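Participant: Quick one: sequence plus predicted model below, questions after.
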Amino acid sequence: MKLPQVTTRGRVSVEEAIGQRRTVRGYASKALALDHLSQLLWACQGITGQSGFKRAAPSAGALYPMDVYAVTGTDVLRPIEGGVYHYNPLGHTLSLVVKGDLRRTVARAALSQMWIAAAPVSVVISAEYDRVSVKYGERGVRYAMIEAGHIGQNLFLQAEALGLKAGIVGAFSDREIIRAMGIPSSHQPLLIMPIGYPA
């Protein structure tokens, strides 16, 4: 599925977004628009260079070991149905991985932090370490984690610019998240970021 065109001009300054950013753990039941998801995913890994190569977050050696997934529910992200979706930066598209509302399953895999399930969408940031370790050896794992931090902050700030709020979760069972989401075992989850309108 092709995502809507993103914008590179917002109504909120970077300084305002930084000043307003807070981790939020309560979300309203208000649905998000597909435009919101498009902008959020672009802020994670979207193509920003005219050559079609550079992305929104820096990456060691421009190796881009990260994969970004969206876990969404039914009737909370119009017009797509609940499921797990993989983001493809090159085409700015989504691919369905698993159909169905798995927000509660993901929340249970995150040590039963059930507040996660209330968010219309959770962005899961994962790393495939081999992509970066092929050049940097064991240090590639550290570089991937640094990259996840860059992506997480981009996501926080983009959410603020859209009038949304985000949370951030690092406590979960990697194995259970991988199984629940139906993603490759080589895609190691690093962060879960629930996003929505604040309650």
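Facilitator: Here it is on my side, so go on.
Participant: quick one: Pro58 is in a helix?
Facilitator: No: counting by DSSP: H, G, I helix; E, B strand; the rest coil, Pro58 falls outside a helix, being coil.
Participant: from what I can see it touches Gly149, true?
Facilitator: No: in terms of Cβ atoms under 8 Å, Pro58 does not count as a neighbour of Gly149; the distance is 10.4 Å. (C-beta placed from N, C-alpha, C; glycine too.)
Participant: which SSE is the spatially most central residue of the chain in?
Facilitator: Centroid check for the chain by Cα atoms, centre = their mean gives Val123 as the closest residue, at 3.0 Å. According to DSSP states H and E, Val123 maps onto strand 121-127.
Participant: same check, this time on Leu155
Facilitator: For Leu155, the element it lies in under DSSP H and E is helix 139-161.
Participant: for the record, mean pLDDT for the helix or strand following that helix?
Facilitator: Once the chain leaves helix 139-161, the next helix or strand it forms, by DSSP H and E, is strand 165-166. For strand 165-166, mean pLDDT rounds to 97.
Participant: quick one: strand 165-166 to chain centroid distance?
Facilitator: Strand 165-166 has its C-alpha centroid displaced from the chain centroid by 12 Å (Cα atoms, centre = their mean, to the nearest Å).
Participant: Could you name the helices and strands sitting against it?
Facilitator: Packing partners of strand 165-166 (3 or more Cβ pairs under 8 Å, 6 or more residues apart in numbering; DSSP states H and E): helix 139-161, strand 188-196.
Participant: how about the first one: buried residues?
Facilitator: In other words, helix 139-161. Neighbour counts using 16 or more other Cβ atoms under 10 Å place 140-141, 143-144, 147-148, 150-152, 154-161 of helix 139-161 among the buried residues.
Participant: likewise stretch 58-72?
Facilitator: Ser59, Ala60, Leu63, Tyr64, Pro65, Met66, Asp67, Val68, Tyr69, Ala70, Val71, Thr72.
Participant: Next: stretch 10-28.
Facilitator: For stretch 10-28, burial by neighbour count (16+ other Cβ under 10 Å) applies to Ala17, Val24, Arg25, Tyr27.
Participant: and the third one, what is it in contact with?
Facilitator: Same thing as Arg25. Counting by Cβ atoms under 8 Å, 6 or more residues apart in numbering, Arg25 touches Trp115, Gly167.
Participant: on contacts alone, who are the packing partners of the lowest-mean-pLDDT helix or strand in the chain?
Facilitator: One helix or strand of the chain scores below all others by mean pLDDT, DSSP states H and E: strand 77-78, with a mean of 81. Other elements packing on strand 77-78 under the criterion 3+ Cβ pairs under 8 Å, 6+ apart are strand 32-33, helix 34-45.
Participant: Partner strands of it, with direction?
Facilitator: If you go by DSSP bridges, strand 77-78 pairs up with strand 32-33 (parallel).
Participant: any idea how far the strand it pairs with is from the chain center?
Facilitator: So, by Cα atoms, centre = their mean, the centroid of strand 32-33 is 15 Å from its chain's centroid.
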